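>>> Here is the input, now give the coordinates:
(one chain, ligands or ions: 3)
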Amino acid sequence: MINTVYQLVAPRRFEIKYSDIDLNNNKVIVRPTYLSICNADQRYYQGLRDAEILRKKLPMALIHEAIGEVVRDPSGNFKTGELVVMVPNTPVEEDDIIAENYLRSSKFRASGFDGFMQEYVEITPDRLVRLPQDIDRTVAAFTEIVSVSVHAIGRFDKIAHKRRNVIGIWGDGNLGYITAVFFKTMFPETKLYIFGVNPDKLQDFTFADATFTVEHIPEDVKIDHAFECVGGAGSGKAINQIIDYINPEGTISILGVSEYPVPINTRMVLEKGLRIFGSSRSGVADFEKTVALYKSNPEIINYLSNIVGAVVPVRTIEDMKKAFEMDIQKAFGKTIMMWDK
Ligand SMILES: NC(=O)C1=CN([C@@H]2O[C@H](COP(=O)(O)OP(=O)(O)OC[C@H]3O[C@@H](n4cnc5c(N)ncnc54)[C@H](OP(=O)(O)O)[C@@H]3O)[C@@H](O)[C@H]2O)C=CC1
Ligand SMILES: O=C(CO)[C@H](O)[C@H](O)COP(=O)(O)O
Ligand SMILES: [Zn+2]
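Ligands and ions are numbered 1, 2, ... in the order given. Down below sits the predicted model:
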């Protein structure tokens, strides 16, 4: 069966590649329907990664946040037409200790091999998680980034000491918002403070106990633990500010991606006895937990719908470019491609 793959071949340039899908194996064929753009896709699209990385990884189909409909499943796990979220992490070995998303051997779609910008996706059944048929598909499209937050909150629960009176989240963008929604759902008794740079965006964190612009944090504000959801050029400032405001022996969970090494105030990390841990990506168990939380706490979907940005119907390569360019211009929210290929 011939498949059409839409690869990024150079910054801001998509081209079509035809590939053959072998129907004589146990893989599931999924037709992607709603795709969501991540900052990681933008770093490839705009050519913001190191030239050597771009040379190594392109051409490559972008997008690792997507849902779709099952077209064919020879394994018998899924019915034709079922709505599924696709897990981009693709492990090739198992480990008793190291999670699938941290195994150096694991592959990740749209970061080394083709992502979901394809007419059909060939995928093993263990990489699919069933979604409620009536879920808001524009929200479900970005379940992958949601599962990253759920994964990081789970690790926080294992690593951070038990005094959790006040938690701070730095970053008033998508990841900060998603992490805040899930943290409040999972730890309703804990006070949640949000630290950002945009008063407009901070207004959307209606469920938080307080919001602060980072230039005007009162001296007496103290937090027990923190999540950094900023990334990029703002990473260092955010991490160092967390170090200033966190109580001794607190835990800092870093999620933001930076292209460059970030200098941090290690003297104060030592003096306060802080724990700093990083989280990247997620595995099937995190997706399953995320979908279970969607079902048990349906208000989550309403909160997440606040960050659905432009929803762009995509049929042509011009439409793909339009969606990526609109995403660059956006003020806030996730850009969704309604994939009609
Ligand atoms: N670990 C993982 O697996 C994942 C990591 N990420 C990464 O997380 C980061 C955030 O992603 P996302 O939320 O989608 O991006 P956004 O751009 O939506 O969010 C970042 C937000 O932080 C704000 N900000 C900038 N400087 C500061 C500061 N000093 N203190 C507090 N807030 C600040 C930005 O404001 P402004 O826009 O005005 O600068 C923006 O609102 C990115 O680096 C992304 O690649 C994303 C998904 C998964
Ligand atoms: O967005 C992410 C997960 O959702 C990660 O930041 C992304 O996977 C990092 O990959 P890359 O090295 O290709 O930027
Ligand atoms: Zn991502």
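>>> Only C-alpha atoms from now on, for both contacts and neighbour counts.
Fine.
>>> Near ligand 2, which residues of the stretch 51-200 of the chain are found?
Along the stretch 51-200 of the chain, the residues adjacent to ligand 2 under the rule C-alpha under 6 Å from any ligand atom are Ser111, Ile145.
>>> one more time with 5 Å
Counting by C-alpha under 5 Å from any ligand atom, the stretch 51-200 of the chain comes close to ligand 2 at Ser111.
>>> so where is the stretch 51-200 of the chain shaky, pLDDT-wise?
In the prediction, the stretch 51-200 of the chain carries no residues with pLDDT under 70.
>>> Just the strands from the stretch 51-200 of the chain, written as ranges.
60-61, 65-72, 83-86, 89-90, 107-108, 121-123, 128-130, 166-170, 191-196 (DSSP state E, counting those that start in this stretch).
>>> closest one to Leu270 among those strands?
Distances from Leu270 to each of these were compared using C-alpha to C-alpha; the minimum, 20.1 Å, belongs to strand 166-170.
>>> ok, and for the closest one, which residues are buried?
In terms of neighbour count (16 or more other C-alpha atoms under 10 Å), strand 166-170 has its buried residues at Val166, Ile167, Gly168, Ile169, Trp170.
>>> So the third one is in contact with Cys229, correct?
No - Gly168 is not in contact with Cys229 according to C-alpha atoms under 8 Å; the separation is 10.5 Å.
>>> out of the strands of the stretch 51-200 of the chain, which comes closest to Ile145?
Distances from Ile145 to each of the strands of the stretch 51-200 of the chain were compared using C-alpha to C-alpha; the minimum, 7.1 Å, belongs to strand 65-72.
>>> May I have the phi/psi pair for Asn39?
With angles defined as degrees, to the nearest 10, Asn39 shows backbone torsions of phi -60, psi -30.
>>> Up against ligand 1, what does the stretch 51-200 of the chain have?
By the criterion of C-alpha under 5 Å from any ligand atom, the positions of the stretch 51-200 of the chain lying close to ligand 1 are Trp170, Gly171, Asp172, Gly173, Asn174, Leu175, Gly196.
>>> just the helices in this protein please.
Secondary structure of the chain, counting by DSSP state H: helices at 39-45, 51-57, 137-140, 143-159, 174-186, 199-202, 235-245, 266-272, 284-296, 299-305, 317-329.
>>> Can you lay out those helices as TSV showing mean neighbour count and distance to Asp209?
Supplementary listing: the helices of the chain in TSV, determined by neighbours: other C-alpha atoms under 10 Å; distance: least, C-alpha to C-alpha, whole Å:
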stretch	mean neighbour count	distance to Asp209
helix 39-45	19	28
helix 51-57	13	41
helix 137-140	24	25
helix 143-159	21	18
helix 174-186	21	10
helix 199-202	16	12
helix 235-245	21	17
helix 266-272	13	25
helix 284-296	18	22
helix 299-305	17	16
helix 317-329	16	30
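>>> Need those in TSV (columns: distance to Lys341).
Compiled in TSV, the helices of the chain are given as follows (distance: least, C-alpha to C-alpha, whole Å):
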stretch	distance to Lys341
helix 39-45	20
helix 51-57	24
helix 137-140	17
helix 143-159	21
helix 174-186	27
helix 199-202	34
helix 235-245	37
helix 266-272	50
helix 284-296	25
helix 299-305	25
helix 317-329	10
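>>> ok, the spatially most central residue of the chain - contacts?
By C-alpha atoms, centre = their mean, the mean C-alpha position of the chain lies nearest to Ile145, the distance being 2.1 Å. Applying C-alpha atoms under 8 Å, 6 or more residues apart in numbering to Ile145 gives the contacts Glu65, Leu175, Arg281.
>>> Distance-wise, check the first one relative to Met337.
The reference is to Glu65. In this structure, Glu65 and Met337 are 10 Å apart, going by C-alpha to C-alpha, to the nearest Å.
>>> Identify the contacts common to these two.
Leu35, Ser36, Ile37.
>>> okay if I get those residues as JSON lines plus pLDDT?
Formatted as JSON lines, those follow (pLDDT from 0 to 100):
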{"residue": "Leu35", "pLDDT": "98"}
{"residue": "Ser36", "pLDDT": "98"}
{"residue": "Ile37", "pLDDT": "98"}
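>>> I'm done for today, thanks for sticking with me.
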